[in-house]
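Q: I would like the atomic coordinates for the input below:
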Amino acid sequence: MDTLQKNTIGEYVAQDFRTAALFSKYKIDFCCKGNKTLEEVCEAKGLDINNIENEINTVLNSNSSKEMDFKTFSPNLLIDYILETHHEYIQEKTPILLMYLNKLCKVHGERHPELFEINNLFKISASELLNHLQKEEIVLFPFIKTMTNAIKNNETIQQPGFGTVENPIVMLKQDHETEGDLFVKISELTNEYNPPIDACETYKVTFAMLKEFEQDLHKHIHLENNILFHKALELEERFNVLG
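A: Down below sits the predicted model:
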């Protein structure tokens with residue numbers, strides 16, 4: 001039991017992504033701050049760790065179909081999945097949300113002034129995210145693929161300009177934490193994405209899309225922080241050992 005309590009939240013979700021819904025229920029951050037142990041989180045939030053563990057074990061022992069086991073993905077396959085699933089999602093949904101939020105501010109801003117702050121926070125998030133995607137697509141992801149292919153073909157590689165792979169990873173993790181903090185504020189301002197009584201259909205759709213956007217972002221960050229980045233560091237370590 002003590003060993004289980006020492007597991008990090010990220011490790012639980014990496015083992016079985018179905019636990020993410022459980023952690024979300026208790027407002028436990030499994031992506032940006034997924035490096036905290038279950039024991040640390042429960043102590044900080046005043047949660048009964050034995051009850052949480054029982055719920056985790058229920059999820060892990062369930063016979064219902066699991067999510068894909070991303071830990072078994074090769075680095076290249078995982079990168080392709082992230083690009084095709086999460087990067088494309090951000091690029092597709094961001095302009096739509098910006099348009100809807102601007103419209104809500106014009107139509108409902110007088111009665112609901114919090115919409116202006118929500119809009120501003122999402123604009124900051126969107127701008128930061130698009131820069132973040134470029135860092136991944138231009139800098140880190142190609143180098144991870146280079147390492148993967150070089151090991152597969154027994155080839156050598158040149159030292160990248162950023163030095164150790166840990167350098168861009170640290171930067172990207174900081175970006176992830178910034179995004180997580182922004183959406184904590186957005187969630188609070190939207191009453192956890194529950195529109196007011198006088199909300200029109202556009203209002204309801206926008207809040208539903210924001211909620212979905214946050215959920216997709218959490219899974220995106222989890223796949224990188226808790227799985228892909230670990231694989232990248234392991235690849236680099238293999239080169240250091242071989243060297």
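
Q: Run a quick check on Ile221 versus Thr178, I expect a contact.
A: No: Ile221 lies out of contact with Thr178 (CB atoms under 8 Å); the separation is 10.9 Å. No exception for glycine: its C-beta is placed from N, CA and C like everyone else's.

Q: Between these two, which is the more surrounded one?
A: When Ile221 and Thr178 are compared on other CB atoms under 10 Å, the one with more neighbours turns out to be Ile221, at 24 against 16.

Q: tell me which element that one falls in.
A: Counting by DSSP states H and E, the element that carries Ile221 is helix 201-222.

Q: Quick check: buried residues in whatever helix or strand comes next after that helix?
A: Using DSSP H and E, the helix or strand that follows helix 201-222 in sequence is helix 229-242. By neighbour count on 16 or more other CB atoms under 10 Å, the buried set for helix 229-242 is Phe229, His230, Lys231, Ala232, Leu235, Glu236.

Q: Pull up the distance across stretch 73-86, start to finish.
A: For stretch 73-86, the first-to-last residue distance is 16 Å (CA to CA, to the nearest Å).

Q: Kindly report the same for stretch 182-202.
A: 22 Å.

Q: Just the mean pLDDT for that stretch, thanks.
A: In this model, stretch 182-202 has an average pLDDT of 95.

Q: hmm, who's touching it?
A: Where contact means CB atoms under 8 Å, 6 or more residues apart in numbering, the residues beyond stretch 182-202 that reach it are 100, 103-104, 107-108, 111-112, 114, 117-118, 121-122, 124-125, 128, 203-204, 207-208, 210-211, 214, 217.

Q: In contact with Leu133: list those residues for me.
A: His87, Ile90, Gln91.

Q: Show me just the buried residues among these.
A: The buried subset of those (16+ other CB under 10 Å) comprises His87, Ile90.

Q: Turn the contacts of Leu133 into JSON lines, columns for secondary structure.
A: As requested, these are exported to JSON lines (DSSP: H, G, I helix; E, B strand; the rest coil):
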{"residue": "His87", "secondary structure": "helix"}
{"residue": "Ile90", "secondary structure": "helix"}
{"residue": "Gln91", "secondary structure": "helix"}
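
Q: any idea which of the contacts of Leu133 is closest to Gln158?
A: His87 (26.2 Å; CB to CB).

Q: And the contacts of the host helix or strand of Asn76?
A: In the assignment (DSSP H and E), Asn76 maps to helix 75-82. With CB under 8 Å, 6+ apart as the test, helix 75-82 has contacts from 70, 73, 141, 144-145, 147-149, 220, 223-224, 227-228, 231-232, 235.

Q: how many neighbours does Val107 have?
A: When neighbours are counted by other CB under 10 Å, Val107 registers 14.

Q: by contact count, what packs against the helix or strand containing it?
A: In this assignment (DSSP H and E), Val107 forms part of helix 88-108. Judged by 3 or more CB pairs under 8 Å, 6 or more residues apart in numbering; DSSP states H and E, helix 88-108 is in contact with helix 114-135, helix 201-222.
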